[in-house]
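> Next come a sequence and a model predicted from it.
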Amino acid sequence: MAKGQIAMIDYERGAGVIARDDGEPDLCFRFVDLGGANIAAPGARVIFESIRSLRSGKLRAVNVNVVT
């Protein structure tokens with residue numbers, strides 16, 4: 001699993017952006033991809049997986065979990 005930090009959240013759209021620790025381009029995620037009962041906030045450290053979206057063809061983050 002990759003690691004990163006939540007860079008931005010758009011609560012109205014139910015989505016956000018993760019800045020990756022490995023220096024690769026930032027990834028978008030949807031709130032439905034947050035694992036368990038995690039509550040995300042900008043600056044929170046996360047682990048996640050990335051997949052290629054069937055709709056857009058772009059990479060996005062899934063199985064996003066906030067770590068302490």
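Noted; the coordinates are in hand.

> Please name the nearest non-neighbouring residue to the residue nearest the centre of the chain.
Centroid-nearest residue in the chain, with CA atoms, centre = their mean: F29, separated by 4.2 Å. Nearest residue to F29, sequence neighbours excluded (CB to CB, 6 or more residues apart in numbering): A61, at 4.0 Å. Any C-beta I mention is one placed from the backbone N, CA and C, and that applies to glycine too.

> Show me the shaky parts of the chain.
36-38 (pLDDT under 70).

> quick one, strands of it?
For the chain, the strands defined by DSSP state E cover 2-10, 15-20, 27-30, 45-52, 59-66.

> Rebuild the ones you listed as TSV, extending it with distance to I39.
As requested, the strands of the chain are exported to TSV (distance: least, CB to CB, whole Å):
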stretch	distance to I39
strand 2-10	10
strand 15-20	12
strand 27-30	14
strand 45-52	12
strand 59-66	7
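
> Surely A2 touches S50?
Yes: with contacts counted by CB atoms under 8 Å, A2 reaches S50, the gap being 6.5 Å.

> Just list the residues touching the nearest residue to L27 once chain neighbours are set aside, thanks.
Ranked by CB to CB, 6+ apart and with sequence neighbours excluded, the top spatial neighbour of L27 is A61, at 4.2 Å. A61 makes contact with 4, 18, 27-29, 33, 48-50 under the criterion CB atoms under 8 Å, 6 or more residues apart in numbering.

> just the buried members of these?
4, 18, 27-29, 33, 48, 50 (16 or more other CB atoms under 10 Å).

> The closest residue to D22 other than its chain neighbours pairs with what?
The shortest distance from D22 to any non-neighbouring residue, by CB to CB, 6+ apart, is to A2 (6.6 Å). Counting by DSSP bridges, A2 forms beta bridges with F48.

> ok, A2 to R13 distance?
Computed as CB to CB, to the nearest Å, the A2 to R13 distance reads 23 Å.
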